[in-house]
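Colleague: With the sequence up front, the predicted model follows.
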Amino acid sequence: MPLEEHLDMIQGSVLKRFQRAKPNNAVNPEPRWTEPRAVTIEGPINQLAPPDKQTTVSVSYLLPEILDPFENFCMAVVGKLLISGPKAPFYKSLVQSGLGSDYSSGTGLDSSIREGIFAVGLKNVSETDAAKIEEIVHSTVDEVVKTGFDNERVEAILHEVELYLKHQSTSFGLHLFFNIMSPWTHDADPIQHMKHNEIVERFRQAVTQDPQFLQNKVKQYLQDNKHRLVLTMKPREDYEAGIKAKEDQLLALKLGEVDDARRKELFEQGNALAEEQSKKPDVSLLPTLTVSDIETSLPPVDIRRITYENTPIICITAPTNGVTYFRSLISTEKLDKELLPYLPLFCSIVTHMGAGEMDYRQLSQKVELKTGGLGVSEHASNHYSSTEKFEQGIVLSSYCLDRNIHDMFDLWAVVFNKLRLDDLEHFGELVKQTAAALASGLADHGHGYAMGHSAASIRSASKLKEQWNGISQVLLMKDVAESSDLTATLDKMRAIANHLLSNGRMRCSLNSTGATMNGALNELGEFLSGIASSTEDQHLVTDSLFFPKSLKTHLTFPFAVNYSSRCLPGPAFVEPAYASSRLLAKILSGKFLHREIREKGGAYGGGAKISHDGLFQFYSYRDPKTLETFDAFDRSIVWAANGSFTQQDLDEAKLSTFSEVDKPVAPGSQGAREFLFHVTDELYQAHRQRLLNASRDHLVEFAREYLQNPKYVASTILGPPSEEVQKDGWNVIAGAGEEAPKSPCQKGATA
């Protein structure tokens, strides 16, 4: 990027017109309390948590200022040592106490304001146990001050810092800026906060010279700190209704203060706003790129494809800055269908249960000392050439400093060959954490769950994804977590492990520098030779028992707003119409749906997109409307089919789309598109060319063929009960009540 030219342009066109301001934006330090305080607040009922465990307790401490980079680093290290990983003191005393499901929201260090805040607590606690949480926090702090931390855990955190500085991501600069933004805002020197190596070296010296250094920091930050708040949130059945009643009272009060003249004025202002929102903005005033600025092709990735004992491997040579990246995909096409719903749980626990001679704590620490983590995730995706055939499996991923390649593959080998699935108590803790995380994320990702539920009735691959990542998985984990005996579930984990880790069909990829690649390949070869795997090829899956259908489903949840989705079948990735659908989704989102759903409708947002599986999806999130939003979806289709958008709209859509298509790819992620989705550089370039060549006529043709008269339409609302929706003929299902929602294609689920 020609940064100097951009800065010159900004200076010459804008900044030179202004004088430097010197605002008084100083934030004074908080007056320190002389005694701790306690506050109790009310909150909503969590329908996905046990009814007798609805209380949350958090203990927060005000820490020193974040202006000094060394003190800031010390606070961050102490925070991680106290809460991160199964060997952390608070993990042992709180999470493993059985009093709650997981840490409370906000646990950890917050260094975004002038003075840091450290908080720790527990959620899903019984009201009768709430007082115990504060006692446990205090006793844990006292024990840490007395006994200190394991030196290996300190080294693991310093290794994490080193790996973070070497690991290249496309957002590294942005993350670096965000990290220094807070101290910089309060007039600290940002350059000093970027001298990571000096800070780490100073920290090492401090710990070496004073063995009590970290214990003294805990004593300073927590034990002797009187500026401490115990916050308890207790449930209230009518919490949402109470909030609405207060809003109604406030609105009535404000309206009562408005006379007839003011009412008329407000009405006229509302009409003027509606008229202004309907106008087409004049974007000619803004600087812009043109379609001709888009590169006609992308530089190819340096990929070498080899086979080692029937295992396909792709080798990507890239400037990875002393870090090696490993991925593997193991097919689940022959896994027992009864086990498939439990695959996400298996992925979340498999590297956290212990292996070989290491229990789960020792394994966790070894992983932190030698790698950036051992990741396992489920994978399902339509093939680029078909909307019916798809691939399913699990993806293993890890990366490490080049000096630790041997250790990284040793860790994977011991997980494959000597996985320990015998600790029922720890398994139960992991289950509760997984279920709590899913329940907590439901409101934050509601539109994603709505889109997944709609898609599941149209594509078989999407049905499997919904089973793994949708409402079905949230409710399954709720049931599992509430089970009094997890023996049968742990048996399922063993069955999955026996199938995938002992007889899995695998393919692998390596990203490394040219100088390291041969050594990394040798280590990968040793790993593959030491594990049992199938010699069969991986195949695509077709679900012959799946039949798409149209649905209108309202899943009722105790939210104050709605999350909506409509899904229609679209083309496969390699079809020319796919490029048209991608561009039209951009136009509909920016030129129609944003105005109708967000500006006029009051939702936080909404839009349209085409999925890799070839599904055209409409959505809205945090939306006060229900049927009006679906009316906006319908009107947007008519608008597109009538060709109501301009050539400039299309050009803007191409520029926006290519900002995604051509976005930088980090060295460690190069080749991932081919590895995961079989889309080679040649196929991707053909897709780029179709995007460049797409015309208004192509987009109108797509809208008329695929959107105006679709064979199937699936619609979903996640939100509060609505008589209006029920009267419109929607299938209303209690999403978090006694009756669990059925999978969209499950027997008995009808529109």
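Modeller: Alright, I've got the coordinates. Computed from a predicted model, the values in this text were never measured in an experiment. Numbers count the residues shown, from 1 in each chain.

Colleague: Can you report how many residues lie near Gly43?
Modeller: By the criterion of other CB atoms under 10 Å, Gly43 has 14 neighbours. For glycine as for every other residue, the C-beta is placed from the backbone atoms N, C-alpha and C.

Colleague: Need the pLDDT of it.
Modeller: Gly43 carries a pLDDT value of 90.

Colleague: Now Gly452: closest residue in space, sequence neighbours ignored.
Modeller: Nearest non-adjacent residue to Gly452, counting by CB to CB, 6 or more residues apart in numbering: Gly470, 4.0 Å away.

Colleague: again with Arg622
Modeller: Looking at Arg622 with CB to CB, 6+ apart, the closest residue is Tyr604, at 3.7 Å.

Colleague: what about the one you found, how many neighbours?
Modeller: 14.

Colleague: so what's the backbone phi/psi at it?
Modeller: Tyr604 adopts backbone torsions of phi -70, psi -30, taken as degrees, to the nearest 10.

Colleague: what's near enough to touch the residue nearest to Gly452?
Modeller: Tyr449, Gly452, His453, Ala456 (CB atoms under 8 Å, 6 or more residues apart in numbering).

Colleague: just Ile66 next, same as before
Modeller: Asn72, Met75, Ser111, Ile113, Arg114, Glu115, Gly116, Ser182, Pro183, His186, Ala188.

Colleague: export the residues you listed to JSON lines and tack on distance to Lys219, pLDDT and neighbour count?
Modeller: Compiled in JSON lines, these are given as follows (distance: CB to CB, whole Å; pLDDT from 0 to 100; neighbours: other CB atoms under 10 Å):
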{"residue": "Asn72", "distance to Lys219": "18", "pLDDT": "93", "neighbour count": "23"}
{"residue": "Met75", "distance to Lys219": "14", "pLDDT": "95", "neighbour count": "21"}
{"residue": "Ser111", "distance to Lys219": "20", "pLDDT": "93", "neighbour count": "20"}
{"residue": "Ile113", "distance to Lys219": "23", "pLDDT": "92", "neighbour count": "15"}
{"residue": "Arg114", "distance to Lys219": "23", "pLDDT": "93", "neighbour count": "19"}
{"residue": "Glu115", "distance to Lys219": "18", "pLDDT": "94", "neighbour count": "18"}
{"residue": "Gly116", "distance to Lys219": "16", "pLDDT": "94", "neighbour count": "22"}
{"residue": "Ser182", "distance to Lys219": "25", "pLDDT": "92", "neighbour count": "19"}
{"residue": "Pro183", "distance to Lys219": "24", "pLDDT": "92", "neighbour count": "21"}
{"residue": "His186", "distance to Lys219": "26", "pLDDT": "90", "neighbour count": "15"}
{"residue": "Ala188", "distance to Lys219": "25", "pLDDT": "91", "neighbour count": "19"}
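
Colleague: from those, which two are the most distant?
Modeller: Met75 and His186 (15.0 Å; CB to CB).

Colleague: pretty sure Pro533 is touching Tyr308, no?
Modeller: For the record, residue 533 is Ser, not Pro. No: in this structure, Ser533 is not within contact of Tyr308 by CB atoms under 8 Å, at 10.9 Å.

Colleague: More neighbours: those two, which one.
Modeller: Ser533 (18 against 13).

Colleague: so what pLDDT did the more buried one get?
Modeller: 71.

Colleague: Can I get the helix or strand of the chain with the lowest mean pLDDT as CSV, trimmed to CA atoms?
Modeller: Here the helix or strand of the chain ranked lowest by mean pLDDT, DSSP states H and E is helix 3-13, holding a mean of 84. C-alpha atoms of helix 3-13 as CSV (Å, rounded to 0.1, in the frame of the first residue of the first chain):
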residue,chain,number,x,y,z
LEU,A,3,1.0,4.8,2.6
GLU,A,4,3.0,8.0,2.0
GLU,A,5,0.8,8.9,-1.0
HIS,A,6,-2.4,8.3,0.9
LEU,A,7,-1.2,10.5,3.8
ASP,A,8,-0.1,13.2,1.4
MET,A,9,-3.6,13.1,-0.2
ILE,A,10,-5.3,13.3,3.2
GLN,A,11,-3.1,16.2,4.3
GLY,A,12,-3.5,18.1,1.0
SER,A,13,-7.3,17.6,0.6
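
Colleague: Pull out the buried positions in it.
Modeller: Residues of helix 3-13 classed as buried: none (neighbour count, 16 or more other CB atoms under 10 Å).

Colleague: again, but for stretch 89-96
Modeller: Buried-residue list, stretch 89-96, by 16+ other CB under 10 Å: Pro89, Phe90, Tyr91, Ser93, Leu94, Val95.
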